[in-house]
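Just the structure for this:
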Amino acid sequence: MSVEVKRASSEEIPNLRLQEFHEVDCLETDLDMEVFVVPTISSAKIKCPHCGSSETISHGKEERFFRDWNIYEKRVGVTVDGRRYKCRNPKCGKTFALSFDCIDDGGKLTKRLRETIQKDALNNTFTSVAERYGLGATTVNIVINDELFLPVKFLTDWAQEFCDDMQSVVIPFLQQLQG
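Coordinates of the predicted model:
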């Protein structure tokens, strides 16, 4: 069974509303949409994240892929046609790629998709959420566990301080949630 891939015309390319990128192309199947983007930052504003120098040069191409929330009931993947850079500061000289505020720390999801997954997983199985957004169930599990860690740590600390008579029950339960 073959999957038909359709290229969107320039008028049909969806606007992802991610200010750090400009959409340049789009491929679609019945289930998925892959949007190709380029960063909107001008080369004059690029600074080395290691030393802060604005003396940088292009140092090759880099293609990155991440997931965003669905559009028109289609799972959205985003491919960034970016560049790597090299710092020209003689005391630094490190290479780097641009980081983007809209992408989570793991680099595989937008922050808004992370938030959507956290809400969807409250009422659905991890597998169904993963399938809906084109992710693995393990990725959804990691997103949920990251979100649970801070409240569980807070509750564990609270239980240790204020619940002397309940510590033998509450703390092991919260520690089990932390994994």
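
which residue packs closest to Gly60, ignoring adjacent ones?
Arg84 (4.7 Å; CB to CB, 6 or more residues apart in numbering). Quick note: C-beta positions are derived from backbone N, CA and C, even for glycine.

Next, that neighbour: phi, psi?
phi -100, psi 160 (degrees, to the nearest 10).

If it is in a bridge, with which residues?
Arg84 has these beta-bridge partners by DSSP bridges: Ala97.

Counting neighbours, what do you get for it?
If you count neighbours by other CB atoms under 10 Å, Arg84 ends up with 13.

what do you get for the one 10 residues further on?
As a burial measure, the neighbour count of Lys94 was computed by other CB under 10 Å and equals 13.

residues touching it, list them.
Cys48, His50, Cys51, Lys86, Cys87 (CB atoms under 8 Å, 6 or more residues apart in numbering).

Run a quick neighbour tally on Val78.
Count around Val78 with other CB under 10 Å applied: 21.

Quick one: residues contacting it.
Residues near Val78 by CB under 8 Å, 6+ apart: Leu16, Leu18, Phe21, Glu34, Val35, Phe36, Val37, Phe65, Phe66, Arg67, Asp68, Thr110.

among the residues you listed, which two are most distant?
The span of the contacts of Val78, defined through CB to CB, is set by Phe36 and Thr110 at 15.5 Å.

neighbour-wise, which of these two wins?
When neighbours are counted by other CB under 10 Å, Phe36 and Thr110 differ, and Thr110 comes out ahead with 20 against 17.

where in this structure is pLDDT low?
1, 147-179 (pLDDT under 70).

In it, which residue is most central in space?
Leu109 (2.1 Å; CA atoms, centre = their mean).

thinking that one is in contact with Val143, fair?
Yes: counting by CB atoms under 8 Å, Val143 is a contact partner of Leu109 at 7.4 Å.

which neighbours do the two share?
Shared contacts of Leu109 and Val143, defined by CB under 8 Å, 6+ apart, comprise Ile117.

where exactly do the helices run in the chain?
111-120, 126-133, 137-162, 167-178 (DSSP state H).
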